[in-house]
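# Give the three-dimensional model of this entry:
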Amino acid sequence: MNRLWRSSTRWLAGMKRKRIWQRAWRVWQQEGITGLLVRLRDRIAPLSYSHWLATRRLTDDDRHAIRQHIAQMSHPPLISVLLPVYNSKPGWLRACLDSVLGQIYPHWELCIADDASTNAEMRSILQKYVGRDARIRVIYRRTNGHVSAATNSALALATGDFVAFLDHDDALAEGALYKVAALLAAQPDADLIYSDEDRIDARGRPLYPVFKPEWSPDLLRAHNYVNHLVVVRAELVRAVGGLREGLEGAQDYDLLLRVSERTLPSRIHHIPHALYHWRKHGAALGKDQATRSVATAASRQAVANAIARQGIAADVLPTTAMPFLHRVCYRLSDPPPQVSVIIPTRDRLDLLRVAVAGVREATAYPAIELLIVDNDSCDPATLDYLHELTREEDVRVLRQPGAFNYAALNNAAVAQATGDVLCFLNNDIVITQAEWLAELVSHCLRPEIGAAGPLLRYPDGRVQHLGVTLQSGRIRNLPIEPKSELDGFGIPLHTQIRNVAALTGACLVTRRTCFVQVGGFDEALAVSYNDIDFCLKLRAAGYWLVCTPFAELIHHHSASRGPEATPEQKARLAQEADYLRAKWGALASYDPFVNPNLTWRSGRAR
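Below is the predicted model:
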C-alpha cells in the first residue's frame with residue numbers, strides 16, 4: 001500500500017510539473033519573456049512581500065511616537081482626501097472609507113462626490129459614514145460626468161491646504177497621511193508629493209509592492225510612474241483648472257504633467273513607503289482591450305499636450321515593445337550641430353577598425369568630425385591604419401604619448417575638437433543602429449540635459465548598461481541581472497527613456513558648453529570613475545542625465561584594456577574609488593533613481 005501511495009504521489013507531482021511547464025510555455029509564446037516574468041512575479045511576490053511587510057508593520061509604540069510627533073507640529077496641514085464614487089462595490093467602498101477613518105493623522109477631511117450612482121445602496125452607505133464622522137462631506141451629483149467631473153466636484157468641497165486623491169476601490173495605509181504631514185513639516189514649500197504603493201487582491205491581501213524612483217521627468221513622459229498616492233497643494237490644483245474632462249483614463253496623468261510644469265523639481269518629493277493599496281481586479285487593470293486602448297490614447301494625448309504647452313519640438317509615439325509606453329522623439333535643428341566623436345585607442349586594430357567603420361559608414365548623421373586619440377600604439381598594422389586615416393577629410397589622428405589616462409586623453413581631444421556636441425566613444429563599441437547618434441544628440445540639445453547615453457548590450461545580446469547606479473556606495477551598471485530589467489510596474493527598463501544618476505564613458509554625448517562649464521574630466525582619475533565624476537559635476541550644476549534605449553550599441557566590455565586583475569590595478573582602482581568618495585561625499589553613494597527599499601544587485605526588497 002505504501003509503495004502504491006508513493007508511486008501515485010510521484011505520478012501526480014510529475015503531472016503537476018508538466019502542467020506548470022505547459023502553462024509557462026503558452027505564456028512565453030503569447031506574451032513573451034516579459035509576460036512570463038510578470039506572471040511569475042504575481043505568483044511568487046505575495047509570499048516574499050508578505051514576509052517583508054511583517055517586519056515593518058506599525059507597532060503600538062510606533063503609533064504612540066507618531067501621535068506625539070503630530071502633537072508637536074506647530075502648523076499641521078489639513079489634507080482634503082478627494083474621493084469620486086460611482087456604483088461602487090459595497091465591500092470595497094467600506095474598506096476604502098474605513099482606511100481614511102483609520103488614519104493616525106487626525107487633520108483630514110474626506111470630500112466625496114457621488115457621480116449620480118444608480119445603486120440605491122450607495123447613498124445609504126455614504127450617509128452612515130457621514131453620521132459617524134463630521135470630517136466626511138458628500139455631494140450628490142445630478143448627472144453622471146465621469147471621473148474628472150466627479151473629482152472636481154469633490155475638489156469644490158475641499159478646504160484643506162493639500163488635496164490627496166483616492167479611488168473608491170482602493171485604500172490608504174494607516175500611516176499614509178502622517179507620512180505626508182511629516183514631510184510637509186520638514187519641507188514646507190513642497191507642492192507635489194507622491195509615495196510608493198502596493199497591489200492588493202480582491203480580498204485586501206497584499207500582493208507585491210511598486211517601488212518608485214524620485215522625481216524623474218523623462219520617465220514621467222514615458223508613462224505615469226507616479227500613480228498613487230499623490231498629494232498636491234490645493235491652490236496649485238485649482239490654478240491649473242483641476243482635472244480636465246475628455247482625457248478619462250489618463251486624467252490623473254494629465255494633472256501630474258500640468259502641475260509639475262507649474263513648480264520646481266526641488267518642490268516635488270517622493271516618500272519611499274507603500275502608503276497606498278491599489279486593488280488589483282479586472283476593471284481596475286483595464287483588461288478590456290477597448291478600455292486599455294482608450295486610456296493609452298488619452299495618456300499619449302496628455303504627453304503631447306504637455307510637450308506643446310512647453311513649446312518643445314517633438315513627437316510622441318508608441319513604443320514597439322510596449323504600445324502603452326510613450327517615446328518622445330525630440331527633433332534636431334536644421335542643419336543639425338556638428339558632433340566631434342572622440343575615440344581614444346592603443347593598438348587593438350581589430351576593435352578600432354570596427355568602431356571607426358561604424359561611425360563613418362553605419363551612422364546616419366550628416367555632420368561628424370572623427371578624432372582618433374592614439375596613446376602610443378606600436379603595432380605596425382595599427383600604425384599603418386592610423387596613417388591611412390590621416391588622409392581622410394573627416395578624420396583627425398591626435399598623438400598623445402605617455403601613460404594611459406582616459407581623462408587626459410579626452411580633455412586633450414576636446415581642446416582640438418570643433419564640434420558643438422561631443423561624443424566620447426570607446427574603441428570597443430560596435431555600431432548597430434543608423435540613428436543612434438541622432439537620438440543621443442536630440443536629447444543633448446535639450447537645455448536641461450547635461451549628457452545622454454545609450455542602451456549597451458554585450459555581444460551575446462544581454463543588457464549591459466542602462467545607466468549607472470550609485471546606491472549604497474557601490475558603482476554598478478544597470479541592470480546587473482536579467483531579473484532586474486523590470487521596474488516596479490513590471491515594465492522592462494530597456495523600453496523607457498529614463499533619468500539616471502550617472503552614465504558610462506563608453507558612449508557619452510554632451511554639449512561642449514556643458515563640458516567646459518564643469519571643467520571636463522578630472523585627470524586625477526586616470527582610468528576609472530572619471531565618467532562618474534563628470535556626471536556628478538553635471539548634476540551638481542543642475543543638469544539632468546538621460547539614458548535612452550532608442551540608441552542601442554554593442555560594447556565589448558573592457559576588451560581594449562582587459563579587466564582590473566593585477567594587485568597594482570586593484571590598488572589603483574581602490575585609490576580612485578576613495579578619491580571619488582572623498583570628493584563627493586554622500587552624493588557619490590546616493591542614487592535618486594533607485595528606490596532605497598531595493599537592493600542594488602537584483603531589484604529585490606531589502
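# where in this protein is pLDDT low?
Low-confidence segments of the chain (pLDDT under 70): 1-21, 23-25, 27-47, 282-289, 471-493, 558-565, 599-606.
# can you rerun that using 80?
1-48, 281-292, 321-323, 471-495, 557-566, 598-606 (pLDDT under 80).
# Now for P323: which residues touch it?
T296 (CB atoms under 8 Å, 6 or more residues apart in numbering). C-beta: built from backbone N, CA, C; applies to glycine.
# Can I take it that it is in a helix?
No: with DSSP: H, G, I helix; E, B strand; the rest coil as the criterion, P323 is assigned coil and is not in a helix.
# which residues touch A274?
173, 195-198, 209-211.
# Wasn't it part of a strand?
Yes: judged by three-state DSSP, A274 forms part of a strand.
# next one: phi and psi at the residue lying closest to D315 once chain neighbours are set aside?
Excluding its sequence neighbours, the residue lying closest to D315 (CB to CB, 6 or more residues apart in numbering) is C329, at 4.7 Å. Phi and psi for C329, reported as degrees, to the nearest 10, are phi -100, psi 110.
# How about C378?
Per degrees, to the nearest 10, the backbone of C378 is at phi -130, psi -10.
# before we move on, what about A541?
The phi/psi pair for A541 (degrees, to the nearest 10) is phi -80, psi 0.
# Helices along the stretch 51-200 of the chain, start to end?
60-72, 90-101, 120-132, 146-157, 176-186 (DSSP state H, counting those that start in this stretch).
# Give me the three-state assignment for V232.
V232 - assigned by three-state DSSP - is strand.
# close enough to count as contact, it and D161?
No: the criterion here is CB atoms under 8 Å, and V232 misses it with D161 at 10.5 Å.
# more neighbours, the two?
Ranked by neighbour count (other CB atoms under 10 Å), V232 and D161 place V232 first, with 24 against 16.
# what separates the more buried one from V463, distance-wise?
Applying CB to CB, to the nearest Å, the value for V232 to V463 is 36 Å.
# ok, the closest residue in space to N119 that isn't next to it in sequence - contacts?
Of all residues not flanking N119 in the chain, N87 sits nearest, at 4.7 Å (CB to CB, 6+ apart). For N87, the contact set (CB under 8 Å, 6+ apart) comprises 117-119, 122.
# just curious, which of those is nearest to A150?
Nearest to A150, judged by CB to CB, of those is S117 at 10.2 Å.
# C-alpha coordinates for stretch 331-349, PDB please?
Extracted C-alpha coordinates of stretch 331-349, given in PDB (Å, rounded to 0.1, in the frame of the first residue of the first chain):
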ATOM      1  CA  ARG A 331      13.600  67.000 -33.300                       C
ATOM      2  CA  LEU A 332      17.000  68.000 -34.400                       C
ATOM      3  CA  SER A 333      17.700  71.500 -35.600                       C
ATOM      4  CA  ASP A 334      18.100  72.000 -39.300                       C
ATOM      5  CA  PRO A 335      21.000  71.800 -40.000                       C
ATOM      6  CA  PRO A 336      22.000  69.700 -37.000                       C
ATOM      7  CA  PRO A 337      25.000  70.600 -35.000                       C
ATOM      8  CA  GLN A 338      28.400  69.200 -35.700                       C
ATOM      9  CA  VAL A 339      29.400  66.300 -33.500                       C
ATOM     10  CA  SER A 340      33.000  65.600 -32.600                       C
ATOM     11  CA  VAL A 341      33.300  61.800 -32.000                       C
ATOM     12  CA  ILE A 342      36.400  61.100 -29.800                       C
ATOM     13  CA  ILE A 343      37.900  57.600 -29.700                       C
ATOM     14  CA  PRO A 344      41.000  57.000 -27.600                       C
ATOM     15  CA  THR A 345      42.900  53.900 -28.600                       C
ATOM     16  CA  ARG A 346      46.100  52.000 -28.200                       C
ATOM     17  CA  ASP A 347      46.700  49.200 -30.800                       C
ATOM     18  CA  ARG A 348      43.800  46.700 -31.000                       C
ATOM     19  CA  LEU A 349      43.200  47.300 -34.700                       C
END
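# Give me the buried stretch members for it, please.
332, 336, 338-349 (16 or more other CB atoms under 10 Å).
# re the thing from before, and the helices of the stretch 51-200 of the chain as TSV, adding mean neighbour count?
Below are those laid out as TSV (neighbours: other CB atoms under 10 Å):
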stretch	mean neighbour count
helix 60-72	12
helix 90-101	18
helix 120-132	14
helix 146-157	21
helix 176-186	21
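# Which stretch among these approaches T382 most closely?
When those are ranked by proximity to T382 (CB to CB), helix 176-186 comes first, at 57.9 Å.
# Excluding covalently adjacent residues, which one is nearest to V354?
In space, V354 is closest to V430, 5.8 Å off (CB to CB, 6+ apart).
# rewinding a little: of the contacts of N87, buried ones?
Of the contacts of N87, these count as buried by 16+ other CB under 10 Å: 117, 122.
# So which of the contacts of N87 is the closest to V81?
Looking across the contacts of N87 and measuring by CB to CB, the closest to V81 is M122, at 17.9 Å.
# distance of that closest one from L82?
17 Å.
# Give me the contacts around stretch 246-261.
Residues contacting stretch 246-261 (CB under 8 Å, 6+ apart): 146-148, 151, 165, 191-192, 217, 220, 224, 226-227, 230, 232, 236-237, 240, 242-245, 268, 286, 291, 294-296, 298-299, 301-303, 305-306, 309-310.
# Would you map the helices across the stretch 501-606 of the chain?
512-517, 530-540, 567-584.
# Nearest to Y105, out of the ones you listed?
The nearest among those, by CB to CB, is helix 530-540 at 34.0 Å.
# Now the phi/psi pair for T59, please.
Phi and psi for T59, reported as degrees, to the nearest 10, are phi -100, psi 170.
# what's around it, how many residues?
8.
# ok, the spatially closest residue to A506 that is not a sequence neighbour - how many residues close by?
Using CB to CB, 6+ apart and skipping the chain neighbours, the partner closest in space to A506 is N426 (4.4 Å). Counted with other CB under 10 Å, the neighbours of N426 add up to 25.
# Identify the residues contacting N426.
343-344, 355, 505-507, 555, 560.
# so of these, which ones are in strands?
Using DSSP state E, the subset of the contacts of N426 located in strands is 343-344, 507, 555.
# Out of the residues you listed, which comes closest to A571?
So of those, ranked by how close each gets to A571 (CB to CB), first place is P344, at 22.9 Å.
# isn't V373 right up against A407?
No: with contact defined as CB under 8 Å, V373 does not reach A407; the gap is 11.7 Å.
# Tell me where the stretch 301-450 of the chain has strands.
Along the stretch 301-450 of the chain, counting by DSSP state E, counting those that start in this stretch, strands occupy 314-318, 326-330, 339-345, 368-374, 395-399, 421-425, 429-431, 449-457.
# Quick check: can you name the pairing partners of the second one and their directions?
Going back to what we said before, that points to strand 326-330. strand 314-318 (antiparallel) (DSSP bridges).
# Just the buried residues of the partner strand, please?
314, 316.
# What are the contacting residues of it?
Outside strand 314-318, the residues touching it (CB under 8 Å, 6+ apart) are 296, 300, 303-304, 307, 324-331.
# Distance from that strand to the middle of the chain?
18 Å (CA atoms, centre = their mean, to the nearest Å).
# Check the gap between the residue lying closest to H107 once chain neighbours are set aside and V180 for me.
Excluding the flanking residues, the one nearest H107 by CB to CB, 6+ apart is P76, at 4.7 Å. The spacing between P76 and V180, counted by CB to CB, is 11 Å.
# Give the residues shared as contacts by these two.
In contact with both P76 and V180: Y105, using CB under 8 Å, 6+ apart.
# what about the strands in the stretch 101-250 of the chain?
Counting by DSSP E, counting those that start in this stretch, the strands of the stretch 101-250 of the chain are 108-114, 136-140, 162-165, 171-172, 192-200, 206-210, 230-233.
# Just send the ones you listed back as TSV, with distance to L275 too.
Putting those into TSV (distance: least, CB to CB, whole Å) gives the following:
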stretch	distance to L275
strand 108-114	13
strand 136-140	20
strand 162-165	10
strand 171-172	7
strand 192-200	4
strand 206-210	11
strand 230-233	9
